[in-house]
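Novice: predicted model and sequence follow; I will ask about them next.
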Amino acid sequence: MRNLATLLFLGGLVFLLAAITGTLPFGHPPMLVGQAIQQAAKPEVGAANVVTAVVLGYRGLDTLGELAILFAAATAGGLVLGGVQAKGRNNALPAAGFVLRAGTDVLFPLLLIAGLYVVIHGHLTPGGGFQGGVILAAAFFLPLLARPSESLSHIWLSVIEGLAGTAFIALGLGALYNGDAFLTPLFDKGMFGELVSSGSLPLLYLAVGLKVGAELSSLLMRLAHDDGAAS
């Protein structure tokens, strides 16, 4: 019965995709919304990366919802793993070998620079706050793998996460104060393609990157401690 249900589901999915694609002209997808955004993004937002214009300009409220979901998931994971008293066990774990410790020491500044670069240039090139935030989290998590007895400061992570989220919402409220829609880009758009351009979009991505990096760093640290306690 399970195999039959799987076959029926796959058959229905294939039929649905065939019915949808069969009505579309081959080679000419009806990208009405996409074409409109491509034409309007440059003069309205000033971002060379159209994806950034969509994520922070045209659907900024959805991005705020994504940040809220990530915050809820990280908080739930922290609450679940927080009950495990792993600190004593991790202090007993020896540090990794010289090669791994030296490798993490070399990679840390490189990952830190790469993460900040991806975040700061998100309005110009592919990347942004979410991608750069993951790189920043990896930069701070790798040393914990080489030195299990060390730990990140939960206080500083909470402060960074709170300030970043507050800055994101404050920029959105600033747009409302000016009579525009929530998270409408503020300030002058500047010169197209320059680092200082796109108004407040780089600041929004910086807030997103710091918030994502702090949340993932805290969650990865708890996972590492929990794994050390179970080992």
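Specialist: Now that the structure is in, tell me what you want to look at.
Novice: how deep is residue 107 tucked in, by neighbour count?
Specialist: When neighbours are counted by other C-beta atoms under 10 Å, residue 107 registers 16. C-betas here are computed from N, CA, C, even on glycine.
Novice: in space, what's closest to it - neighbours in sequence excluded?
Specialist: Distances taken as C-beta to C-beta, 6 or more residues apart in numbering put residue 142 closest to residue 107, at 6.0 Å, once the chain neighbours are dropped.
Novice: hmm, who's touching the helix or strand hosting residue 109?
Specialist: Element membership for residue 109, per DSSP states H and E: helix 98-120. Residues from elsewhere that reach helix 98-120 (C-beta atoms under 8 Å, 6 or more residues apart in numbering): 95, 127-129, 131-136, 138-140, 142-143, 145-147, 195, 202, 205-206, 208-209, 213.
Novice: again, 6 Å this time
Specialist: 127, 129, 131-132, 135-136, 138-139, 142-143, 146, 205-206, 209 (C-beta atoms under 6 Å, 6 or more residues apart in numbering).
Novice: thinking again about what came up before, so how far is residue 81 from the residue nearest to residue 107?
Specialist: Separation of residue 142 from residue 81 (C-beta to C-beta, to the nearest Å): 19 Å.
Novice: what does residue 176 give?
Specialist: Taken as C-beta to C-beta, the span from residue 176 to residue 81 is 37 Å.
Novice: likewise residue 183?
Specialist: 33 Å.
Novice: helices or strands next to the longest helix that the chain contains in the packing?
Specialist: In the chain, with assignment by DSSP state H, the single longest helix is helix 201-230. The contact analysis (3 or more C-beta pairs under 6 Å, 6 or more residues apart in numbering; DSSP states H and E) places helix 201-230 against helix 60-82, helix 87-92, helix 98-120, helix 129-146, helix 154-177.
Novice: could you export these as JSON lines, including mean pLDDT and distance to residue 50?
Specialist: JSON lines is the format used below for the helices and strands packed on helix 201-230 (pLDDT from 0 to 100; distance: least, C-beta to C-beta, whole Å):
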{"stretch": "helix 60-82", "mean pLDDT": "83", "distance to residue 50": "15"}
{"stretch": "helix 87-92", "mean pLDDT": "48", "distance to residue 50": "45"}
{"stretch": "helix 98-120", "mean pLDDT": "90", "distance to residue 50": "17"}
{"stretch": "helix 129-146", "mean pLDDT": "89", "distance to residue 50": "16"}
{"stretch": "helix 154-177", "mean pLDDT": "87", "distance to residue 50": "20"}
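Novice: out of those helices, the one nearest residue 6 is which?
Specialist: The closest of those to residue 6 is helix 60-82. By C-beta to C-beta, the value is 29.1 Å.
Novice: which helices and strands sit right next to that closest one?
Specialist: helix 201-230.
Novice: could you give the angle of the helix it packs on to helix 129-146?
Specialist: Orientation of helix 201-230 against helix 129-146 (axes from the mean of the first three to the mean of the last three C-alpha atoms, to 10 degrees) gives an angle of 30 degrees.
Novice: so for helix 201-230, what gets flagged as buried?
Specialist: For helix 201-230, burial by neighbour count (16 or more other C-beta atoms under 10 Å) applies to 201-222, 224-226, 228-229.
Novice: OK, contacts around the residue nearest the centre of the chain?
Specialist: Residue closest to the mean C-alpha point of the chain, counted by C-alpha atoms, centre = their mean, is residue 130 at 2.0 Å. By C-beta under 6 Å, 6+ apart, the contact set of residue 130 is residue 212.
Novice: distance of it from residue 99?
Specialist: 32 Å.
Novice: now do residue 127
Specialist: Residue 127 is 30 Å from residue 99, by C-beta to C-beta.
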